[in-house]
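**Q** Based on what follows, work out the 3D shape:
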Amino acid sequence: QVQLVESGGGLVQAGGSLRLSCAASGRTFSIYAVGWFRQAPGKEREFVAVISWSGTRTLYADSVKGRFTVSRDNAADTVYLQVNSLKPEDTAVYFCAADRSPRLQAVGTSYDYWGQGTQVTVSS
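**A** Numbers count the residues shown, from 1 in each chain. All right, here's what the predicted structure looks like:
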């Protein structure tokens with residue numbers, strides 16, 4: 001089992017930044033790829049970004065490329081999502097998830113473990 005806890009969300013004005021964290025405990029976290037997803041009210045969950053277990057490979061949704069950066073510190077069992085140039089349409093609950101697959105997955109059903117989420121609200 002892997003337990004994931006997100007933090008770092010909050011209320012920010014458009015153009016602002018946040019750093020979201022995903023802290024893990026349980027089984028060896030470093031062997032898992034970690035993805036970030038988000039879900040806005042009334043909308044389906046959507047893929048945001050994913051980072052490989054080694055941190056050497058990443059994949060981003062087109063909507064966040066150039067604004068969001070995913071990174072990880074395996075010594076600290078933590079994955080980060082730096083979110084810059086925020087827009088009101090980025091408002092959502094952000095979730096991290098862990099996946100044993102060696103491939104970088106953009107589909108949520110591929111992931112084995114999920115956190116509870118952290119709210120990001122961007123005001124215009």
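**Q** just the strands in this structure please.
**A** Using DSSP state E, the strands of the chain run over 2-7, 10-13, 18-26, 33-39, 46-51, 58-60, 68-73, 78-83, 92-99, 113-114, 118-123.
**Q** List the buried residues in stretch 51-66.
**A** By neighbour count on 16 or more other Cβ atoms under 10 Å, the buried set for stretch 51-66 is 51-53, 55, 58-61, 64. In short, each C-beta sits where N, CA and C put it, glycine included.
**Q** Throw the residues you listed into a markdown table and include pLDDT and distance to Gly35, thanks.
**A** A markdown table is the format used below for the buried residues of stretch 51-66 (pLDDT from 0 to 100; distance: Cβ to Cβ, whole Å):
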| residue | pLDDT | distance to Gly35 |
| --- | --- | --- |
| Ile51 | 97 | 8 |
| Ser52 | 95 | 10 |
| Trp53 | 92 | 12 |
| Gly55 | 94 | 13 |
| Thr58 | 97 | 10 |
| Leu59 | 97 | 9 |
| Tyr60 | 98 | 11 |
| Ala61 | 98 | 10 |
| Val64 | 97 | 13 |
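**Q** Which among the strands of the chain is found nearest to Ala106?
**A** In terms of Cβ to Cβ, the element of these nearest to Ala106 is strand 46-51, at 4.2 Å.
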